[in-house]
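Chemist: need coordinates for the following:
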Amino acid sequence: MSRVYDNERLAGVYQAGNRMPDESIRDWVHLIGSFTGRSSPAVVEIGAGTGMFCSAMARWLKPSTVVGVDASLPMLTEAQRFNSHPAVRYLAGTAESVPTRSGLFDLAVLSRVIHHLPDRVRVARELARILQPSGVTVIRTTFRERLDALVYDYWPRLRELDEQRFPSRSEVLGDFAAAGFTVRTVTSFARPVTASLRDYHARMTSKPQSKFTRLTAAEFRDGLRLLQADAHDEPTKDPVPVAERYDIAVLSPS
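Modeler: All right, here's what the predicted structure looks like:
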C-alpha cells in the first residue's frame, strides 16, 4: 500500500476532510451489507484509514466483529481517536499480509484503496485465505474509465494523474479471477458527501486526500481559487448537495 498515508498531516485532516453525512454512510453500509447473506457477519476492512466505515458498519450491520486493517500507524491512531467502537478492533497490517487467522470473515471491504495495491493478485489470494468459503469481497473504487468526481473539474491535472494510477474494471476483475474469485456483480452508487459547494470548498482547503500530494502548490492554489469562486456564487437558499459516485465490484472466492 502507498506509504503516503504515513504522512501525519494527511492522517490528521483525513477524518474531517472525507466524512459523509450519517444518511449517506448508512446507505453505503446497507448496500455493502446486502451482498452478504449473514445476519451478523464478521467483517474486515482493508485500508481502513481513520475507521469511518468500520464504525459505521458496527453501527448499522450489527456484525459479530469488525476488524480494520491499515499499514499506516498515524491513520490507526486517528481511527482509535474518532471511530472506536466495542465491536471494532484495529490492526496494523497490509492487504498482502492480514494479521488474522484463515477463514475468519464473511465480508471483506476495500474502500478507495485498490489503486494503492499494485500486486492485486497477491491481495486477492490473501483475501481468499481470510474469507469463509461463502464470503464476499466488496471493492469500492472508481475505475480508470469512469473518473467523474467533481474534484477533477477544478484540478484536471488530478484526472491525468489518476488515469495513470487507477486500474480499469477489466484489470481489477482479471486479477481477482486469476486468484480464483468469481464476479457476482458490478454496479455503481452515489450519495452526497457535503450539503453544499461551500462545504465542499471548505473541505478541500485541507488537501484531505493523498492525490493532492501530487500537485504543485501553484496547481493546488489555482484549482482552489476556481472552486472558491463557484462556491461564492452558489445560492445560499437550497444549495445543491455535492454527491460522489463509486463503482462497486462484488466478488466471491470460487
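Chemist: neighbouring contacts of the host helix or strand of Glu160?
Modeler: Following DSSP states H and E, one finds Glu160 within helix 156-165. Outside helix 156-165, the residues that touch it by C-beta atoms under 8 Å, 6 or more residues apart in numbering are 115, 142, 144, 147, 151-152, 211-212, 214-215, 219. In short, each C-beta sits where N, CA and C put it, glycine included.
Chemist: in strands, which of those residues appear?
Modeler: In strands, judged by DSSP state E, none of those are found.
Chemist: what's the ChimeraX syntax to select whichever of those are buried?
Modeler: Typed into ChimeraX, the line below selects the buried ones among the contacts of helix 156-165, using 16 or more other C-beta atoms under 10 Å:
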select :115,142,144,151,152,211,212,214,215
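Chemist: ok, back up a step: next, the buried residues of the helix holding Glu160.
Modeler: For helix 156-165, the neighbour count (16+ other C-beta under 10 Å) marks 157-159, 162 as buried.
Chemist: between these, which is nearest Tyr14?
Modeler: Leu158 (17.0 Å; C-beta to C-beta).
Chemist: the closest one and Thr194: what is the separation?
Modeler: Counting by C-beta to C-beta, to the nearest Å, the separation of Leu158 from Thr194 is 18 Å.
Chemist: ok, Gln15 touching Thr50?
Modeler: Yes. With contact defined as C-beta atoms under 8 Å, Gln15 counts as touching Thr50 (4.4 Å).
Chemist: between those two, which contacts overlap?
Modeler: 78, 82-83.
Chemist: got those residues as JSON lines, with neighbour count and pLDDT columns?
Modeler: What follows is those, written out as JSON lines (neighbours: other C-beta atoms under 10 Å; pLDDT from 0 to 100):
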{"residue": "Glu78", "neighbour count": "23", "pLDDT": "95"}
{"residue": "Phe82", "neighbour count": "15", "pLDDT": "96"}
{"residue": "Asn83", "neighbour count": "22", "pLDDT": "97"}
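Chemist: shaky segments in the stretch 1-150 of the chain?
Modeler: 1-6 (pLDDT under 70).
Chemist: who's more crowded, Gln15 and Thr50?
Modeler: Counted by other C-beta atoms under 10 Å, Gln15 and Thr50 do not tie: Thr50 has more neighbours, with 30 against 19.
Chemist: gap between that one and Leu76?
Modeler: Relative to Leu76, Thr50 is positioned 8 Å away (C-beta to C-beta).
Chemist: swap in Asp233?
Modeler: Applying C-beta to C-beta to Asp233 and Leu76 gives a distance of 40 Å.
Chemist: swap in Ala231?
Modeler: Relative to Leu76, and taking C-beta to C-beta, Ala231 is found at 33 Å.
Chemist: swap in Val109?
Modeler: When Val109 is compared with Leu76 (using C-beta to C-beta), they lie 16 Å apart.
Chemist: which one of the two is surrounded by more residues?
Modeler: Using other C-beta under 10 Å as the criterion, Val109 and Leu76 rank with Val109 on top: 27 against 23.
Chemist: now the more buried one. Nearest residue, chain neighbours left out?
Modeler: Using C-beta to C-beta, 6 or more residues apart in numbering and skipping the chain neighbours, the partner closest in space to Val109 is Glu45 (4.6 Å).
Chemist: sweet, I'm off.
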